[in-house]
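[1] okay, here's the prediction I keep looking at, along with the sequence it came from:
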Amino acid sequence: MATDGSDKSVTIEALMNEQRTFAPSNEFTSQANINSPSIYKDGEDYEAFWAAQAENLHWRKKWTQVLDWSNPPFAKWFVDGKLNVTESCLDRHLEKNGDKVAYHFVGEPGDERTVTYRELYEEVCQFANGLASLGVSKGDRVAIYMGMTIELPIALLACARLGAPHSVVFGGFSSDALKDRIIDAEAKVLITCDESRRNGGTIALKSYADAAIADTPSIEKVVVVKRTGAKVEMKEGRDIYYHDLIKDQPKDRPATETDSEDMLYILYTSGTTGKPKGIVHTTAGYLLGASFTHKNIFDIKENDVYWCTADIGWVTGHTYIVYGPLANCTTSVLYEGVPNYPDKDRFWDIVEKYKVTQIYTAPTTIRTFMKWGTEFPKRHDLSSLKVIGTVGEPINPEAWIWYQQNIGGGKTPIVDTWWQTETGHAMIAPLPGITTTKPGSATIPLPGISADIFDEEGMSVPWGGGGYLVLTHPWPGMLRTVFKDPQRFIDTYWSRFSKPEENKWIYFAGDGAKRDTDGYYWLLGRVDDVMNVSGHRISTLEVESALVDHLDVAEAAVVGRNDPITGQAIAAFVTLKGHVVGNEDLINELREHVAEKIGKIARPASIVFTDELPKTRSGKIMRRLLRDISEQRQLGDVTTLANADVVKDIAARAAESASSKED
Ligand code: ATP
Ligand code: MG
């Protein structure tokens, strides 16, 4: 099928043509964990590949079958295997690495606590004993609603030690969001903080939690971690302080044996596309995927100091702050706060101080750093960094280059990792010792993973074209279901392209992508966001990247708004770099810039300047709200929105610019 725009039946057109490439240096390759491309060949027999990798976990009883796919789309990996994830993450490291640092906790106000593997083990056991004394046992769900303190990973691990699935609810969410998730998960115990710290202030988590559990009959006990020491209401018989609960508990506790397929956790997606789904992950396959990808994508070495800046409230934190790094006996930084407290160089201050070797952050954060300017990273010595990563959204090529130049010193490999809450671990990403990277591309599927790009009919789109990103065989960390809603699991992920009558099962990711003539994947955003302009299916990401390519632009979001003539017209919302003022001339210049970069068809019909874009609490741009604004509709679900005022402000500006055009 033609993909040059001449054939209007194509699923998504590929307009951008980014040509820069960055091959790994010989120096990097020679020391890399993976330095031979033959691993991709090994991955083709994916069951054998993952079975071999699974030897790296600590098993109590080995599995009898690698994959049971006899009842698709319900997969079972490592059938009959018995283990407890905390034995891989903690116990097995104690003998040799008990004194090795597991976490350098860095509080936002500047307090610090360094925890070794032995100390982590002991506190996890104490808390597991404490939870058990409150009646938590295998299979019970525990809700966790906390700030990013050291007790947060301890809470996850204590649950895992007992075989009690955790359901972490991001500490920035409201009482209502917490309530809904507790009700859905039927959690028995809630773990929270008195207050959390953020942006120089505090958030009254315990009082939000109290409001939430006024209406949740399943919660029997509440454990409260003292973070600020603020006076909070403690309900007699229900609430207990963490330090009181663990104080007399033994520092040992045998791990509860779990099956490979026992539920490890529930996690709700971030809600960019609509109502969040309770994603269910199980034990062995998830831990395997987390540890293999962590070790090899970040090229983790024994003495590294690794830092993932995500919140543990998101899947990135589960997989790449807790389970992956601990299974690999890695030393991590755990930072509580925001990047601009007390100043806009906080991240770089931490990198310098702890000599961080890998940093893993989000495109939205990188674009914010671009907006602030290079003076902040320049204040610090960032030369300890060896690999720098990104996740969460497509990264615009200009942001990629900025990251490489200003954070990576122009030399460190960048690992852009595509994955989802549902996939459990990274799926499409470079292996930094062997993959030549291209700015804006997550490169190719990892060994043992198989992706494709489909058109509307479910036919594979030849290299060079765009369409729907799909995964074509099971993988170890895949979600097993949507909690209590297997039908939604089937409908959302497995119905679009599967052909049950031919026993062909295809996972539909909901993302658009193109694949270039080298077979590289370029994520184009959600398929719901794709615009249809005069019969051309154009991705929001490409127009946004063309805008971000302009020197004055820090960030951009575009949406298709209904248009009587073209079907949809492109409406752009643009945040300018610190010093720039937006005016009519700049609007014209930006429109021409897009036309030059990717073609006249993609020239935005309108551009509104805004100080901020509406984002989810995980920092992703919420285009559906911009569509609502552009089409002057009532706003859809805003419960996972980070900043409601921004939306009001943008709506006012959009209305203003619309009326000034009519004048
Ligand atoms: P919901 O499913 O509730 O709408 P969500 O999809 O934002 O929320 P997550 O699971 O946190 O929730 O995000 C996964 C999505 O993030 C992917 O489907 C993709 O759209 C985007 N994404 C993540 N990493 C990348 C990446 N490296 N490149 C491009 N897109 C990415
Ligand atoms: Mg999603």
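    That came through, no problem. Note that the coordinates shown come from a computational prediction; the quantities given were computed from them, not determined experimentally. Ligands and ions are numbered 1, 2, ... in the order given.
[2] burial check on I490, number of neighbours?
    17 (other CB atoms under 10 Å). Quick note: C-beta positions are derived from backbone N, CA and C, even for glycine.
[3] which residues are contacting stretch 362-373?
    For stretch 362-373, the external contacting residues (CB atoms under 8 Å, 6 or more residues apart in numbering) are 309-310, 339-340, 344, 347, 376-377, 390-396, 398-399, 402-403, 406-407, 548, 554-555, 575, 577-578, 615, 618-621.
[4] which bits of the stretch 251-400 of the chain sit near ligand 1?
    Among all residues of the stretch 251-400 of the chain, those adjacent to ligand 1 (criterion: CB under 6 Å from any ligand atom) are 269-273, 276, 314-315, 391-394.
[5] helices - which of these land there?
    Among those, DSSP state H puts V315 in helices.
[6] make CSV from the residues of the stretch 251-400 of the chain next to ligand 1 and add neighbour count, distance to Y354 and pLDDT to it.
    Below are these laid out as CSV (neighbours: other CB atoms under 10 Å; distance: CB to CB, whole Å; pLDDT from 0 to 100):
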residue, neighbour count, distance to Y354, pLDDT
T269, 22, 31, 87
S270, 22, 28, 73
G271, 20, 33, 71
T272, 22, 32, 68
T273, 20, 36, 67
P276, 21, 34, 77
W314, 25, 22, 95
V315, 27, 24, 97
V391, 24, 21, 97
G392, 22, 23, 95
E393, 24, 27, 95
P394, 27, 29, 95
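[7] I'd like the residues of the stretch 251-400 of the chain next to ligand 1 as JSON lines, with distance to S441 appended.
    Formatted as JSON lines, the entries for those read as follows, by distance: CB to CB, whole Å:
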{"residue": "T269", "distance to S441": "24"}
{"residue": "S270", "distance to S441": "23"}
{"residue": "G271", "distance to S441": "27"}
{"residue": "T272", "distance to S441": "21"}
{"residue": "T273", "distance to S441": "23"}
{"residue": "P276", "distance to S441": "28"}
{"residue": "W314", "distance to S441": "23"}
{"residue": "V315", "distance to S441": "22"}
{"residue": "V391", "distance to S441": "14"}
{"residue": "G392", "distance to S441": "16"}
{"residue": "E393", "distance to S441": "14"}
{"residue": "P394", "distance to S441": "9"}
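[8] now, the most widely separated pair of the residues of the stretch 251-400 of the chain next to ligand 1?
    Pairwise distances among these were taken by CB to CB; the largest, 21.0 Å, belongs to P276 and P394.
[9] give me the number of residues near the residue lying closest to G440 once chain neighbours are set aside?
    Nearest non-adjacent residue to G440, counting by CB to CB, 6 or more residues apart in numbering: P397, 4.1 Å away. As a burial measure, the neighbour count of P397 was computed by other CB under 10 Å and equals 21.
[10] before we move on, back to that, put the buried members of the contacts of stretch 362-373 into a PyMOL selection.
    The PyMOL selection below is limited to those of the contacts of stretch 362-373 classed as buried (16 or more other CB atoms under 10 Å):
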select buried, resi 309+310+339+340+344+347+376+377+390+391+392+393+394+395+396+398+399+402+403+406+407+548+554+555+575+615+618+619+620+621
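[11] so which of the contacts of stretch 362-373 are in helices?
    Among the contacts of stretch 362-373, the members found in helices (DSSP H) are 347, 376-377, 398-399, 402-403, 406, 548.
[12] just the residues you listed now: which is nearest ligand 1?
    The closest of the ones in helices among the contacts of stretch 362-373 to ligand 1 turns out to be A399 (CB to the nearest ligand atom; 11.6 Å).
[13] please identify the helix or strand for the closest residue to the closest one other than its chain neighbours.
    Nearest residue to A399, sequence neighbours excluded (CB to CB, 6+ apart): I366, at 4.9 Å. Element membership of I366, judged by DSSP states H and E, is helix 363-372.
[14] restrict that helix to CA atoms and write it as CSV.
    Once side chains and other backbone atoms are set aside, the C-alpha atoms of helix 363-372 remain, and they are given as CSV (Å, rounded to 0.1, in the frame of the first residue of the first chain):
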residue,chain,number,x,y,z
PRO,A,363,9.4,13.3,27.5
THR,A,364,7.2,15.7,29.3
THR,A,365,9.9,16.3,31.9
ILE,A,366,12.5,16.7,29.2
ARG,A,367,10.4,19.3,27.4
THR,A,368,10.0,21.1,30.7
PHE,A,369,13.8,21.2,31.1
MET,A,370,14.0,22.6,27.5
LYS,A,371,11.6,25.3,28.4
TRP,A,372,13.7,26.2,31.5
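[15] what separation is there between G519 and A513?
    According to CB to CB, to the nearest Å, G519 stands 12 Å off from A513.
[16] okay, these two: which has more neighbours?
    For G519 against A513, the residue with the higher neighbour count under other CB under 10 Å is A513, and the figures read 30 against 11.
[17] am I right that K76 sits in a strand?
    Yes. Under DSSP: H, G, I helix; E, B strand; the rest coil, K76 sits within a strand.
[18] contacting residues for it?
    Residues in contact with K76 (CB under 8 Å, 6+ apart) are 65, 67-69, 260-261.
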